[in-house]
Structure formats: C-alpha cells, structure tokens
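Sequence and predicted structure are below.
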Amino acid sequence: MLKTLGDRLPDGRWFSSAAERNKGPIADVLRGVLPARGLVLEVASGTGQHVVHFARAFPSLTWQPSDVDAELRKAIALRVAEEALANLLPPLELDVRKASWPLASADAIVCLNMLHVAPWPACDALIRGAARLLPPGAALYLYGPYRRRGR
C-alpha cells in the first residue's frame, strides 16, 4: 500500500503529487459541507498533506488526522509538528474495522482516497463508525476515483 501512496522524503514524510493537486479543489467543496466550528476527523490521512492544507484553510475547525498504518502516523506526526498549527492534532491510530474508535464524537468526517482501495468490510465499517460518531445531519465527506469502466 505504501508504494502506491507516493514518494518517501528523506526526512521520513511521504509526498503524493495527486494529494498536492487535489487538496485545493477538495477544500473548495468542503467549504459548502463542513460546520463553522467543531472537530473534523480525517480517516486514513495517508501522507498528511490534505489535513495540513485543511487545517490552514479552516482555522475555526479542529482537525484530527488518523491512519491504521504506524509508519504513516509517524510521517503525519512529522508534518503536524512541522506546521505547529493550533487546530491540528497529532494523528490517532484508527482501524475503521474495529468496533471501538479512539473518539466518542466528531462534527464531521472526511475520508479521501480510501474506499477505492479498501476491502468491502472496511467500507461498511467506515459508514457504521461514522453513524456512531456523527450527530444527525453532519457531513461524512468521501472522495476518490470511483469511476468504473468509464462511469
């Protein structure tokens, strides 16, 4: 999985050209769906590029990155420390397939580029976990290359 993520930088962080290209357009869409204030959980934060960009773009929201992979969490932690943004928390270990998540609630959940590579039980678990964490009407924002056979 890490090999498809992007490039490993000498300092231990990961870099994805795709994340760099799409972080702005995704943030533009998020402006219309996120609450004005609160905690946003990013599931499967990967390189951490998106969550850092979003923390800068939405300073009134607190951003909680997460990832199942320990190596990625270390790389995300490097980005979080480097940025030193007050609204960007250290990454949590989160395996969506586990019944217990490390948060009791969130005001929104963002999950980018996970569903198209995850096994179906992880997709189902993400939806079930989001239903437990989010208040009624809150956003679960999903993004990825979902086209199949050109559709």
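Right, received. Where do you want to start? Numbers count the residues shown, from 1 in each chain.

Using CSV, write out every CA atom in stretch 10-22.
Extracted in CSV, the C-alpha atoms of stretch 10-22 (Å, rounded to 0.1, in the frame of the first residue of the first chain):
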residue,chain,number,x,y,z
PRO,A,10,14.5,11.9,3.2
ASP,A,11,13.0,13.3,6.4
GLY,A,12,10.5,10.5,6.8
ARG,A,13,7.4,12.2,5.5
TRP,A,14,5.5,10.9,2.4
PHE,A,15,4.6,13.1,-0.5
SER,A,16,1.8,12.5,-3.1
SER,A,17,1.6,14.6,-6.3
ALA,A,18,-2.1,13.7,-6.5
ALA,A,19,-2.8,15.0,-3.0
GLU,A,20,-0.9,18.2,-3.8
ARG,A,21,-3.0,18.7,-7.0
ASN,A,22,-6.4,17.9,-5.4
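
Start from the N-terminal end of the chain and give the strands.
7-8, 14-15, 38-43, 61-67, 92-93, 108-112, 139-143 (DSSP state E).

closest one to R73 among those strands?
In terms of C-beta to C-beta, the element of the strands of the chain nearest to R73 is strand 61-67, at 5.1 Å. Where you see a C-beta, it was placed from the backbone N, CA and C, and this is true even at glycine.

Restricting to C-alpha, output the closest one in CSV.
The C-alpha trace of strand 61-67 is given here as CSV (Å, rounded to 0.1, in the frame of the first residue of the first chain):
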residue,chain,number,x,y,z
LEU,A,61,-12.2,23.8,12.9
THR,A,62,-10.1,21.4,14.8
TRP,A,63,-8.6,18.7,12.6
GLN,A,64,-7.9,15.2,13.8
PRO,A,65,-5.8,13.1,11.4
SER,A,66,-5.8,9.3,11.7
ASP,A,67,-4.4,6.2,10.0
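
can you list contacts of it?
Outside strand 61-67, the residues that touch it by C-beta atoms under 8 Å, 6 or more residues apart in numbering are 34-35, 37-46, 48, 51, 54-55, 73, 76, 80, 87-94, 102-103, 106-108.
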